[in-house]
Each structure stands twice: as structure tokens, then as C-alpha cells.
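Student: Requesting a structural model of the entry that follows:
(chains A and B)
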Amino acid sequence: MNRIDASAHYSEPASSASQIPSLLTIVVDTNPRAWAAIADLLPISKALANLLVFVNAHLAFGNDNHVAILAAHPNRAVWLYPKSPNPDFRAASSRSNSDVEMTDVDGRQDGTSAAAELGGSANKFPLFAQIETCILASLRSLIDSTAPSDLNPTTLVSGALTLALSYINKMRHALEPAKTSSDPANPTSTAAMATTNNSSPTDTGASTLHSRILVLSVSDSEPAQYIPTMNAVFAASHARIPVDTLSLYGTPTFLQQAAFITGGTFLSAASNPRGLLSYLMFGFLADAEARKSFVTPTQDSVDFRAACFCHRNVVDTGFVCSICLSIFCSVPENAECLTCGTKLALGNYGAKPAVAPRKKKKKKIRANGTSAREDTGSATGTPAPT
Amino acid sequence: MATGTNSLPQYLEQLPGTTFRKLYQQPSTAFAIFRRMLPHMAKTIVMAILYSPTPFSLSDLDLWVKPTAAREKDQAIAILRLLHIVQPQSLALTANFKNSLRLALEGGGDHNSFGVPSTEPIPTEVDHMFLDKYARKKWDDILHYVVSATGITNVQTGSSGPKQSVKDLLLAGRLVERRGAELTITHIGFSFLLQEANAQVWALLLLWLEAIDVANASGNRSDMDSVDMLSFFFMLASLEFGRAYSTDALTESRRNMLPTLIDFGLIYIPQHNTHQFFPTRLATTLTSNETALRSISAGFSAATSSTSDEQDKCTIILETNFRMYAYVHSPLQIAVLALFSNLKFRFKGLVSGRLTRKSIKNAVGHGITADQIVAYLSTHADEQMYRHAAAANKPVLPPVVIDQIRLWQLDTERISTCDGYLFKEFDEYKEYKAVADFAENIGVCAWRNDKKGIFFATKVEQIKDFMRSRRKANEGNNS
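Tutor: The predicted structure is shown next:
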């Protein structure tokens, strides 16, 4: 029956005609040390004002564009907007405050924000005012609850990335049409739906929501976080979420790799952090739909160095476990992989490579080729994430 | 939805540049036009140059846009020029638009164009549900009035219908006509009925604008200015649903507009306190783009369904054998369906019927286009249809049926006319080719004949600019 419905000459899929909402998740690096270092060039208040304009510009694109903002702090990741669903978390983390006082603080915050909203919104789009007050209030409480002992030189970007990914996943499911058919009379549609869901879970999600992550980075990548960061990056790549990075200070090596792996944009504004807004508006405002038609900024060189699993050193060359692909800067003890425990044979490591004389007959080369491959392991490269 | 100047883009297009300059003085207007009227690429371009410290040239843009997207780029620039957002011949934003959009994004200034909230307490009975119900009733009264003129069904709504002023407006806009004592619906009225709620609201507001323009031209009631009215509409669109705003902060002429807006159901004013007004969902969704409307109207019906037992919900299942099943309660929706289909059975909550050649021809004879019918069917398609389409990666409506509706329409319309300009007698083929290609890229070329070197365009301004700049470039090269 459905063979004759002539859909062959309609190349457009069902939903592509409509404008797809896009979700922008911003991770702001709020490392106090790093911001203090560039305070002369770009104080955080100014950077935040620029960021808010950028957020408003994104929301101006359409009613159904969404935004979510996270702060990556030296010791934790915190939601700035929308507010964290469990406010108890903040109460618990703001050390040594009793419950009574905390509710008091909350009450005062609400009062001031409401007053600010009433006063300012005649000249401001209501949603913009709401986001601004929300971010400022959460950031204020984050800064207030930061103790001097928390001041690490690096930032927990991986945690914020993970939170962002889970939020994107949640939004995707919220925007997806109901999966289960309420009509038992038409089991074919549910079956078809189920198979498409199983085979490519990202396809259905990608068509309902374009999402991307933007990291505003001010600090170096911490080698200790190599594994969690990369896990988050590969998850993002699998879900086809580009991770963009604008670096204001320092060298975020892993985020650079993240942009490369996920097809995002990496820009370094370290030479001129005052131009933050121009960087944001020009380089990062285009969403997945617009990026199809614009040339996006590319990076001329990517620092691909990885951190080893044993000492968290960034290494150029190292040893890789042939089973689990863990990286080591030196041969692990007893030649046993620290991650999976496989006993590894080093072969004749360090020996002078034997140069095989060139064979004259082609037949023999082919025979030799297979045996040589067995020696060195698999011939196929690392599977690329799709 | 090409129905005269009934749609907003067409209305805006014919406004002169000075009007745009005035409109863009209000940040809310600039913001609303940015949101509602521009294609995605144009938005990205505007945002990129909004805060750019150095001027952005057209050649820079060529570098930025991928060659595969050149067509969209030309279209985007054409629309930006048409709306006077960028200056002709260059890519600099017009001063008023730039300042206003910046203000809208930054939230500074002292323009009060996003509405002054009322500080007085909000009456307890006014909540989201109340406002939705109120707006829906007001709007349905208007629709029922138009539908009652079809003569197909006698709709008993039990209410008094819209106010006399609204009736006059519908008459003046030729949505309905008075023939003797009886009202009959015109083809404009038919296509009005088939539109989405949002487009209907705009159609009515534009009718009102035109009526005011005519009245002003004839010299009476000159306290309202259509430009000011338009920017007031855009301001309404930027208000927050469910919030009270102060009427005292409005200008005198805007306050005079409030009674009519109440008649349309766009705002609500509590009887005991006339110092505050509430925008309804009809007003706050004015600048949502058309594609977002499915979800919004869904939200609308979801909000009202709990109170008015799914009164106006209408979902349609359309099969490949031209049969149509509509889950519908409201006589209004049934009347609309009867406009283009041959209804056979009616049960409680369900009508079924077929699309036939005769029924479609009938509808086309009334001035309804096939596109309108298709648009209506697809916006009201059942959730089941959407799910099925998404699973099979196919269009929502069965393409055979869509094609056939179009073909049936073509049966009746062998000739179509459009006003425009014929370009002929080019000096050389190369020049013809360049100009015709440009016209095609910006989407104004209606017909071309490469052999004879002539083409026909519906709009001429941008082609003129293009030819002028080309000639200039040529002269520059020769000298």
C-alpha cells in the first residue's frame, strides 16, 4: 500500500522544512586565579556582560531557541541558568552554614531579583532580564561560597562538560515526539520507530534539536583530567554535539582536541581578550544549520598530545596497551597494563630495527605482508567516532 | 498565503524607507522584525556585523559564505535590503536599526518599548488559563461570524458575536459581503479561515491598519498613525504572557487603540481596574515564526482543553485513498473542513469524508488555493500521522493526495498572471546572463528565455541597483 504513495520524488524528509530549535550550552570557566591574571585586560564583569549580549543574540533567533549556562569552578561545576533543580546541593556545598541561614539568603535573593525585574524590564525583553538576574544571583552565591583553599590553578571543565551533555540529552528527550504509539492497531509504525531508535539514537534526536557546547576557557588543561574530559568529548562526538572553545588565557590543549574531534570551532583570543564580543558574535553564533553555509574558522595546528595514564604527564611518544589502548609514559611495572591488567610483551623494544632486504618477486611480498601484519597487530587504524 | 496585502511580509514590503526609519526607532520593533521576518542566514549575518568594529564589505561576505550557499546569501541580502536593515549597495546596517537592536540585546536605554509593568496587585482570577479562555472566546466569535456567512452550517454559538466595529472591519476588508440582508463570504474570507491563528490575527490587524490609513487620508480621526500602531503591535508581541502592564505609561493614541484590541481578544483589561492590561497568547505569539506555530497552537489547545472539553481541537488523518478522518468537536472546524471536502459521516467527535475532484474544484472556485488546503491539512495532521512519517522518513501527508489536489487546482487554473517588468534588448548575451541569473538568485525572476535573451521579473529595484553597480564596475575597468 505504502509503496505507491509517490514519496520518492519528495526528497525532503518530513521535518526538515521547519526551523529546528537550537540549544546553546555555555560552560564558563570561573577560575578566580585566571580571571585575576587578565583582570587588567578584561575584568570578569565585562566578560560576563559581553557573554549576556551573546546569549541574548542567540535567543533572539527564535522563540524556541534555548540556552543553558554552567560555571566550571576550580572545585566543582555549578548551574548558572537554569537554576539547579536541587538547591540543597548548593546549601550543602556552601560550607558551615546552617539551614536557617541558607533559607534566609534564598529569600533575600528572590526579593532582590524580583525587584530588579520589575524595575528594569520596561527597557528589556522579559526573558533576557530573567536570565540576567538568574546568572548574576547564582554567580554571586558561587563566589561567596568559594574559600581560599579551593583556589586551584586549573578548572574542572570535564565535570561541566558532563553536566552539559546530560542536560542536552534531557532536552532532546523532552522535545522528541512521544515514542510509544498509543494505538495498538498500528504495530508497524511502532516497530519501525523502535528499529530506527535502536540503530541510530542520534538521528531522531538531531532532527528535533540542534545543540552545541561553547566553553569559555581561561585556564590550562589539567593533565589529571585527561580521561574524564576525553570521555565527555567522545560522548559529545557520538551524539554529534560540536564542542566550541574560545580561549581567553592559557592553553586548553584538551579542549583544542575536543573541537577537532567533534567538529567544533576553536579560537584563541589570548592576543586580544577585549574583543570578546566580536569573537563570540562572529565565530560562535552560527548554529548547526547556519554552519552548513558559512565557512567556520579553522585551527592551523592542533596539539594532539595525550596525557599518560600512570603519571598524568603530557607525552609526545609513549607506550600503548594493545588491549585497552591505555597510554603510558614509561613501561609499567612488570609490564602489566595498569588499566586492564593484561600482561604485555614488549617484544624486542629498544633493539635496532631489522631492515628486511627487498624481495624481488611480487608473490612473495604478498605472503610476507600478511605475516608482517600479524607481527605488529591490527592494520586498521583507531576506529573513528561516528 | 498570498492574499493581497493580508500577510505581514507583503505589507512591510510596500512601506517606504522613511516609515522603516521611524519603525526602527523602537528597540522592540527592530527586535521583532529581526525575529519574525528574516531567514536564518540573514539573522546570522546581521548578528555578525552588529558589533563589528570595522565595516563589513560584500567581498568579505563572499569569502565567509560557502560557494554552495551563494543562492541563500543573495536571498538573505535581498530581504535585508527590502526591509531597509542594510543600506543599499553596501553591507552596513542602517543607523536606527543598529542602535535599536543593540539596545534590545543589551537592555539599556530609556525607551520603555518592552512595556511598563503595572505595580498594582494582579486580580486573583486572572491566570494563564483564564486569559487563554478569554482570548479563544473572543477570537472564536470573530471566526464564527465569518463562518456563519458561508451558509454551509448554521452555527449556534450562544454568544452575541463580535462587536460592531469588528464586523465593519470584516466588511471593509471584504472578508464577508453584504448582499441585500444576507451575509456572504468572499474568497478572501475563505482563505482567511484556512490560515493559522497567528496569520489570521495579522490579517485582521493589517486590515485595521489599512482602514486607519484610509480614514487618515480622508481627513478624519487623525490621532492614530499607522506607523505608531504597527510598532505598538510589535511591542505587544514582546510582552510577557500572564503579566500585568500599566496603561498609564502608554501614549494617548495607543490608549485609544486598546478598546479595539480588546475586541480582537489580544489584550484583557479587568473591569474594576482600567490601569492595567494583560496581553493574551494571541498577542505574545505575534512574532513567533510560522513554523513554531504548530507547537504553540498545540500549547494553546492543551491549555484550553482542560476547561472547554477539547472544543476546538481538530486532528486529521488523511489516507492515501483520499479518505479523511477528522477528530473534531467544534462546528466551526467542521464548517471549515466542509469547505474543501465531501463529508459523509458524522459521529460524536469524528467526521469522515473524502477529498474529491468536485469538492476541491468547489473550493478552488471559492478562491481557496491548493496550497492553503495542504497547509491546513498538514498543520492539523494527527499526531499519529507525524509519528508514522517520522518513522518512515516520509512527508507527513501522502504525496499522492497532495499532488492530486494540486493537479485538480491546475485543472481550473490554466493561466496565472503576475505584474512585473520585462527585460529585453541586452547589449550582449553575457550581460543578459548575469542579470537574469541575479534575478533568479534573489527569487524575482518569473520567466526567462535564454534563446531570445529576455526575462520577466516581478520586482525591479534590486535589479536596477545590480545593473547600475555592474555598469559602474565595467566603466571602472575600461578607463
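Student: in which helix or strand would I find the nearest residue to A:Ala232 once chain neighbours are set aside?
Tutor: Leaving aside its sequence neighbours, A:Ala232 sits nearest to A:Leu161 (Cβ to Cβ, 6 or more residues apart in numbering or on different chains; 3.9 Å). No exception for glycine: its C-beta is placed from N, CA and C like everyone else's. A:Leu161 is part of helix A:157-175 when elements are defined by DSSP states H and E.
Student: Return the alpha-carbon coordinates of that helix using CSV.
Tutor: Extracted in CSV, the C-alpha atoms of helix A:157-175 (Å, rounded to 0.1, in the frame of the first residue of the first chain):
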residue,chain,number,x,y,z
VAL,A,157,36.0,21.5,32.8
SER,A,158,35.2,17.8,32.5
GLY,A,159,32.5,17.9,35.1
ALA,A,160,30.8,20.8,33.5
LEU,A,161,31.0,19.1,30.1
THR,A,162,29.4,16.1,31.5
LEU,A,163,26.6,18.1,33.1
ALA,A,164,26.1,19.9,29.9
LEU,A,165,25.8,16.7,27.9
SER,A,166,23.3,15.2,30.3
TYR,A,167,21.2,18.4,30.1
ILE,A,168,21.3,18.3,26.3
ASN,A,169,20.2,14.7,26.4
LYS,A,170,17.3,15.6,28.7
MET,A,171,16.2,18.4,26.5
ARG,A,172,16.4,16.2,23.4
HIS,A,173,14.0,13.7,25.0
ALA,A,174,11.7,16.5,26.2
LEU,A,175,11.4,17.8,22.6
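Student: in it, what's buried?
Tutor: A:157-165, A:167-169, A:171-172, A:175 (16 or more other Cβ atoms under 10 Å in any protein chain shown).
Student: Ok, stretch A:248-260 next?
Tutor: Result for stretch A:248-260 [16+ other Cβ under 10 Å]: buried residues A:Leu248, A:Tyr249, A:Gly250, A:Pro252, A:Thr253, A:Phe254, A:Leu255, A:Gln256, A:Gln257, A:Ala258, A:Ala259, A:Phe260.
Student: Show me where the stretch 101-250 of chain B dips below the pLDDT cut-off.
Tutor: B:149-161, B:180-182, B:219-223 (pLDDT under 70).
Student: out of the buried residues of stretch A:248-260, which are inside helices?
Tutor: A:Thr253, A:Phe254, A:Leu255, A:Gln256, A:Gln257, A:Ala258, A:Ala259, A:Phe260 (DSSP state H).
Student: For the closest residue to chain B within the stretch 251-386 of chain A, the count of nearby residues, please.
Tutor: For the stretch 251-386 of chain A and chain B, the shortest gap (Cβ to the nearest Cβ) falls at A:Ser293, measuring 3.2 Å. The number of residues packed near A:Ser293 is 21, by other Cβ atoms under 10 Å in any protein chain shown.
Student: Setting aside sequence neighbours, what's the nearest residue to it?
Tutor: In space, A:Ser293 is closest to B:Ala69, 3.2 Å off (Cβ to Cβ, 6+ apart).
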